[in-house]
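[1] one predicted model, sequence on top.
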Amino acid sequence: MSEAVSYKDLGLVNTREMFRQAFAGGYAVPAYNFNNMEQLQAILLGCAESRSPVILQVSAGARRYADPTLLRYMAMGGVKMVRALGSSIPIALHLDHGDSFELARSCIDSGFSSVMIDKSALPFDENVATTRQVVQYAHARDVTVESELGVLGGIEDEVAHEASHYTRPEEVQQFVERTGVDSLAISIGTSHGAYKFKVGPGEEPPPLRFDILEEVERRIPGFPIVLHGASSVMPEHVATINACGGKMEGAVGVPEDQLRRAARSAVCKINIDSDSRLAVTAAIRKAFAEDPRSFDPRVYLGQAREALKRLIVYKNEKVLGSAGRV
Ligand code: G3H
Ligand code: 13P
Ligand code: ZN
């Protein structure tokens, strides 16, 4: 990447004020991952329509997929598109699961307003050291930083940990004080991907560990908490995928009631990627099943974009409580 650009010149905001308002209002700001134009449009249009603040979330894999320079201009174009519609929703551009100081710095220099440094699989002191390094670089540019304590289960392209473990509440205060981080992702039983729990027919997934969340809240009162792996894996999308030639038996996510409860607590940011992937995949499979002659990407990707926009509005209104806050 050539010259550095500040997120402020792209019309973006960091997450500080977003989280302050979410905490006070008892809701969570949605963080939706995107990799392409249709996802970006659906997220922004869905959040503009439901008047929700939004965190556009980019993983290292997404950055490689879309090209870092193109991504910067896509985000800038997205902001301009939303403003042209007369919407003033706050928009943050956030690095998801950054695994090195160099990656975080590169994102900050290319216009990200917020970054996550994820060294949660390393020993506590190493996690502190790298997080501290990222915080120093980021805060000098008014960029906010998320870090993680505890390890989520589940496997995705960039996020694969062999052994998951819950966050230890007794560590959070020291971590926050030593790093200066702005928000903290914790592990309370969620995991990444579409197969979060093994449940038999008619069984409910095990409840999240709200006792750990409450103990964390007690030790760092008022501090914004982040929930990863928070897709609910909507059964209708899984059913459509399976009915239209897909094979996703046993896909299960976090029940919506538990996400609603989390959103009312100190959890100020809820990460959603798998639900979006499922909505897009279900719509495309359905489009091809209904019209096998279809070959114009604008038709089936357009249907996928509409389905994703509906999902975004639904999540903001009915699950996270972020709708109508702008
Ligand atoms: O938490 C991980 C996100 O779902 C991003 O996944 O690394 O495959 O882009 P990805
Ligand atoms: P899901 O896989 O549950 O959507 O989680 C996404 C996530 O945590 C991105 O960081
Ligand atoms: Zn995550």
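    Ah, there it is. Not measured: the values here are computed from a predicted model. Ligands and ions are numbered 1, 2, ... in the order given.
[2] for the stretch 151-300 of the chain, what lies in contact range of ligand 2?
    192-193, 228-231, 271-275 (Cβ under 6 Å from any ligand atom). Using the backbone N, CA and C atoms, a C-beta is placed for each residue, glycine as well.
[3] excluding chain neighbours, what is closest to D142?
    N14 (6.2 Å; Cβ to Cβ, 6 or more residues apart in numbering).
[4] and the one you found, how far from ligand 1?
    Plainly put, N14 is 20 Å away from ligand 1 if you go by Cβ to the nearest ligand atom, to the nearest Å.
[5] and if you look at G250?
    In this view, G250 and ligand 1 are 19 Å apart by Cβ to the nearest ligand atom.
[6] helix/strand/coil for the residue nearest to the spatial centre of the chain?
    Nearest to the geometric centre of the chain sits N271, at 2.9 Å (Cα atoms, centre = their mean). Secondary structure state of N271, per DSSP: H, G, I helix; E, B strand; the rest coil, is strand.
[7] in the sheet, who's paired with it?
    A31 (DSSP bridges).
[8] then S114?
    H94, T144.
[9] give me the neighbour count for it.
    30 (other Cβ atoms under 10 Å).
[10] tell me the contacts of it?
    Going by Cβ atoms under 8 Å, 6 or more residues apart in numbering, S114 touches 14-15, 55, 92-95, 143-146.
[11] again, only using 10 Å
    7, 12-16, 18, 31, 55-57, 92-96, 107-108, 138, 143-146, 182-183, 269 (Cβ atoms under 10 Å, 6 or more residues apart in numbering).
[12] could you do F19 as well?
    With Cβ under 10 Å, 6+ apart, F19 has these contacts: 28-29, 53, 55, 92, 144, 146, 182-183, 223-226, 266, 268-269.
[13] and of those, the nearest to H237?
    Nearest to H237, judged by Cβ to Cβ, of the contacts of F19 is A28 at 21.1 Å.
[14] right, and the closest one touches V267 too?
    Yes - if you go by Cβ atoms under 10 Å, A28 and V267 touch, sitting 5.4 Å apart.
[15] the more surrounded of the two?
    Taking neighbours as other Cβ under 10 Å, A28 and V267 compare with A28 leading, 32 against 28.
[16] about what we covered before: give me the subset of the residues of the stretch 151-300 of the chain next to ligand 2 lying in helices.
    Counting by DSSP state H, those place 274-275 in helices.
[17] taking the residues of the stretch 151-300 of the chain next to ligand 2 together, which two end up most distant?
    H228 and D275 (13.1 Å).
[18] those two: who's more crowded?
    More crowded of H228 and D275, by other Cβ under 10 Å: H228, with 27 against 24.
[19] didn't that one look like it was pressed against A262?
    No - contact criterion Cβ under 10 Å: H228 and A262 do not qualify, at 11.5 Å.
[20] okay, and the common contacts of the two?
    With Cβ under 10 Å, 6+ apart, H228 and A262 have common neighbours 190, 270.
[21] tell me the residue of the stretch 1-150 of the chain that sits nearest ligand 2?
    D96 (4.6 Å; Cβ to the nearest ligand atom).
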